[in-house]
Each structure stands twice: as structure tokens, then as C-alpha cells.
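*Asks:* dropping a prediction and its sequence here:
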Amino acid sequence: MKEKILVSYLSFVNKNNRARRYRIFQKTFESFKKLKKDKDLVLVSIDNNSDDDIRDELSNSGIFDYKIHLNKNFYDASVLYLTSELAKELDIDYIFYSYDDFVFYDHSFGKSFIEFMKNNDHIHNMRVTIYDTNNVSFYDSMQTKKSINPDATRHYNQPARNFGYDSRLMISEEPQIIDGRIFYECNWHYTSRPSLWRNAFFSKIYEEIEQIPVMQNFEGVAMNYFFKNNMKSSFMDIGVASTFKQSERQVQGGRQYFDNVFVNKQELYNNYKSSLTKLIN
């Protein structure tokens, strides 16, 4: 296996959402471009059928090693499933999926991330969006609404609560420090926020799924798989990326709308195989 991290960037900007999305896309893409300097990363552009000028900008940027530009909107299934599939094809150990509404402020994390995972064989994934252990209440969604801090998260383990176990958020007392970055073990449940995964484990989530639920509904499937298989999580204090308050998911209809949205895995895979392109940079 290659000790690299495959980092994906999912884009979705078209005539219908351009007025609210293009400015955000510009900021996030400018920050993502700086990852090219990190030689421990392999970069892939995954696009949900954006307008031609957006796809041209991505293709001609000179930063991506691969592109997967799809012929329709497959929602977050495209970046989650296809990042994993490409990593399998390239024999890459780790995946890190990201979106066009997350800004990177750390651009050289590859070496320390890989070292942390190599030193902790029992850890399966890592939260890499911003979290500050010195300001916990601001990142606890029960204390700070996501409309105020879109990076806030639940401070309990949802599947543990569902199955009657202790669900309180638990964080290791002693951090691990690598290249100045601070890492903690924790009992966080799975979320589809940008995360680092051992792909050998992440890919198994899809083995028995043919109709892939999207957004929060996929999170429900994945977090239960994560919990039932006793998979362990971690996070990097301060993280490497943060998001915006604008939520395309809410604009499109929120949880009620996405309850009825599924992606056919075979269709998505076929689209992937026909659109995967290796870029020469």
C-alpha cells in the first residue's frame, strides 16, 4: 500500500446556485490549491455536473492529479464513495474527502497525519475540521447553534445513545503531539464532515449498499456501522479547515427532502469509470 493521502474536492456550482455559491467556491478553491505543495497528498477533483466554466477552471488549474467530472448531481455520494474507489484503484492507504464550502488554513499536514495513523493502528478515522479544546462550548451544537457556528457538532455519540450505552463525549486526557500538531483520541461517531479515514475500513461501509442514502441519512448508516464494528476515532485540535454558514443542503430542502433521495451505486460507479481522467501537471 502507498503511504499517501488521497484528498478529494467536491464541487457543485451551476446557474441555479451560482449567485450564492460561486463566491464560496472561489475562496475554498484558492485555499485548496495550496495543498499541491504537500508531496504526501494525491489530489482529485470530483464534480457534480457544474457549469462548463467551473469544470474548465478545475481541469486547467494544474493542481489535480486526477479528475472525476460526473454527468449529474450525485450529492455527497460522489465524493464519499468515489474517493474510496479511486484510493482502492491507486492502492492508497488513506482518504480525506472535502467539499467546496470548506476553507483550508493548514496546507502541509500530510506527513504528520500519516505518522499519527501509523503510530495508532487502532484508530480508523480522524476529524479534521476545526475544533478548539480551549473553547468547547462554542463547538458544542447543544450550546451553540450551527447558525452561529456551522462547525459546531453534537457532544455525544449518537449510536451509543440509540443502543443504550454511555453516549457522553469522551476525549483522551493526554494528547499526542506530532510536528506541533495536537491529536486526541475520542469516541466521536461518524459524520460526513471532511475526515481522514483508513480506506481499508471506510470502503467496507458500501459493500452491502446498492441504493446509497445521502447527506444525514448516509451518516446514520455509516455511524451505526462504525459503532457496531467498534471503530475508533480521533481529531486534530484546531483542525485544518472550516466551513461557511451558507448551507446548500438546507436550501435544497433539508432533511425532509433528502429522506427520499438515493443514489444507485452501480450508476455512480459506471459514471466514475467513464469519467476518471489522469491529469498531467
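*Replies:* On my side now, so go ahead.
*Asks:* which parts of stretch 75-95 are buried?
*Replies:* For stretch 75-95, the buried set under the neighbour-count rule, 16 or more other CB atoms under 10 Å, comprises 75-87, 90, 92-95. All C-beta atoms are positioned from the backbone trio N, CA, C, and that covers glycine.
*Asks:* quick check: closest non-adjacent residue to the residue nearest in space to the middle of the chain.
*Replies:* In the chain, the residue lying closest to the centroid (CA atoms, centre = their mean) is Pro194, at 2.7 Å. In space, Pro194 comes closest to Ser98 once its chain neighbours are excluded; the distance is 4.4 Å by CB to CB, 6 or more residues apart in numbering.
*Asks:* list the contacts of that neighbour.
*Replies:* When contacts are counted by CB atoms under 8 Å, 6 or more residues apart in numbering, Ser98 touches 7-10, 32, 79, 104, 194, 241.
*Asks:* report the secondary structure state of it.
*Replies:* Three-state assignment for Ser98 (DSSP: H, G, I helix; E, B strand; the rest coil): strand.
*Asks:* secondary structure class for Ser112?
*Replies:* Recorded secondary structure, Ser112: helix (three-state DSSP).
*Asks:* okay, now the nearest residue to Glu210 once chain neighbours are set aside: neighbour count?
*Replies:* Excluding the flanking residues, the one nearest Glu210 by CB to CB, 6+ apart is Lys265, at 5.3 Å. Residue neighbour count, defined by other CB atoms under 10 Å, stands at 15 for Lys265.
*Asks:* ok, the nearest residue to Arg127 once chain neighbours are set aside - how many residues close by?
*Replies:* Sequence neighbours aside, Phe235 is the residue nearest to Arg127 in space, at 3.9 Å (criterion: CB to CB, 6+ apart). Counted with other CB under 10 Å, residues neighbouring Phe235 total 24.
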